[in-house]
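**Student:** fold the stuff below for me.
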Amino acid sequence: MYNSGWAKMEKYYNMTEESPAYIAAIVLDPNLKWKYVETNWKYEWVLKARAMMEDLWEEYKPDPQRSQSTTTLSTEAST
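**Tutor:** Numbering: from 1, shown residues only. The predicted model follows:
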């Protein structure tokens with residue numbers, strides 16, 4: 001029973017390394033932020049987490065060109 005439970009926990013723990021969602025949830029939590037990660041995780045894990053968050057940010061960060069064109073279009077439509 002213990003081995004089965006441990007195997008299940010290990011399976012899902014390993015999945016956290018494949019997706020930045022878990023890290024993002026921790027970092028975006030106002031009570032935890034990066035301090036929790038840096039305090040409780042191994043140094044190598046912190047480095048990997050930071051790299052995953054940088055990749056995530058690059059994918060979803062606002063695009064100034066797109067924001068400007070959207071503002072222009074909405075202004076033109078209202079006149």
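
**Student:** on the three-state scheme, residue 17 is what?
**Tutor:** coil (DSSP: H, G, I helix; E, B strand; the rest coil).

**Student:** show the pLDDT at the residue nearest to it when sequence neighbours are not counted.
**Tutor:** Spatially, and ignoring its direct neighbours in sequence, residue 17 is nearest to residue 48 (7.3 Å; Cβ to Cβ, 6 or more residues apart in numbering). C-beta here means a position set from N, CA and C on the backbone, and glycine is covered the same way. On the pLDDT scale, residue 48 is placed at 92.

**Student:** check residue 19 too.
**Tutor:** pLDDT at residue 19 comes out at 84.

**Student:** need the single longest helix in the protein, by residues.
**Tutor:** Longest helix in the chain, counting residues (DSSP state H): helix 43-60.

**Student:** now the residue nearest to residue 17: how far from residue 34?
**Tutor:** 14 Å (Cβ to Cβ, to the nearest Å).

**Student:** quick one, phi psi at the most centrally placed residue in the chain?
**Tutor:** In the chain, the residue lying closest to the centroid (Cα atoms, centre = their mean) is residue 24, at 2.9 Å. The phi and psi values for residue 24, taken as degrees, to the nearest 10, are phi -60, psi -40.

**Student:** test my guess that it contacts residue 56.
**Tutor:** Yes - using Cβ atoms under 8 Å as the test, residue 24 is close enough to residue 56 to be in contact (6.3 Å).

**Student:** what count of nearby residues applies to residue 38?
**Tutor:** 13 (other Cβ atoms under 10 Å).

**Student:** the helix or strand encompassing it versus helix 43-60: what angle between them?
**Tutor:** Per DSSP states H and E: residue 38 is located in helix 33-40. Orientation check (axes from the mean of the first three to the mean of the last three Cα atoms, to 10 degrees): helix 33-40 against helix 43-60 gives 160 degrees.
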